[in-house]
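**Q** compute the structure for the input listed below.
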Amino acid sequence: MKLAPNLTPDAQTAICDALNQAVAETAVTTMMAQNFHWNVTGMAFGPLHDLFQKIYEDHFIAQDDLAERIKALDGHANGKLADMVAASKVAEHDGHAPAEDMIAALAQAQKTLSSTLAGAAEIAASHGDLLTEDLCIGRGQVHDKFAWLLAAHIK
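**A** Numbers count the residues shown, from 1 in each chain. Below is the predicted model of the structure:
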């Protein structure tokens, strides 16, 4: 039994494509946060090291939640890293940057993720898939909060 049995094939494809976009951007942002966790230096090392870890741990779980929703909709969760990097609106970062630049890059990534998830929620809602809509809204709220927490460090 599918969790969204009333979806047409076109609706299922549109929703799964939107979710795969969110997975791709979440994966790239996960690695960005972990990279910054490894490489941050300076007076705020401790709190930033901890915040970056909190972010990448949250995002790692989120990738799984989003991918499992794709599978619940009988779609294919694209797990190929090269494809995720190519599809992502969040660019990879080499980790060579002052802490303030790391914070700004990660805050922007959070805003991008929030926007992508809002778009996915709208697609899901337009097809009556309330469970996917709810998942995307919840994730978007998490990314909005992380964007705020990060931006507060550089205001």
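**Q** where does the chain dip in pLDDT?
**A** Scanning the chain for pLDDT under 70 picks out 1-5.
**Q** now the helices for it?
**A** 9-39, 45-72, 81-87, 99-126, 130-152 (DSSP state H).
**Q** mind putting these in JSON lines, mean neighbour count and distance to residue 93 included?
**A** The way it works is simple: take the backbone N, C-alpha and C, and place the C-beta from them, glycine included. Output for those, formatted as JSON lines (neighbours: other C-beta atoms under 10 Å; distance: least, C-beta to C-beta, whole Å):
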{"stretch": "helix 9-39", "mean neighbour count": "21", "distance to residue 93": "5"}
{"stretch": "helix 45-72", "mean neighbour count": "17", "distance to residue 93": "12"}
{"stretch": "helix 81-87", "mean neighbour count": "13", "distance to residue 93": "12"}
{"stretch": "helix 99-126", "mean neighbour count": "20", "distance to residue 93": "6"}
{"stretch": "helix 130-152", "mean neighbour count": "18", "distance to residue 93": "14"}
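**Q** please name the residues that touch the residue lying closest to residue 98 once chain neighbours are set aside.
**A** Distances taken as C-beta to C-beta, 6 or more residues apart in numbering place residue 42 nearest to residue 98, at 7.2 Å, with adjacent residues excluded. By C-beta atoms under 8 Å, 6 or more residues apart in numbering, residue 42 lies in contact with 48, 98, 99.
**Q** looking at it, the last one is touching residue 49, isn't it?
**A** Okay, so that is residue 99. No. Counting by C-beta atoms under 8 Å, residue 99 stays clear of residue 49, with 9.9 Å between them.
**Q** overlap of the contact sets of those two?
**A** What both residue 99 and residue 49 touch, as defined by C-beta under 8 Å, 6+ apart, is the set residue 40.
**Q** for residue 113, see how far away residue 50 is.
**A** Distance, residue 50 to residue 113, by C-beta to C-beta, to the nearest Å: 20 Å.
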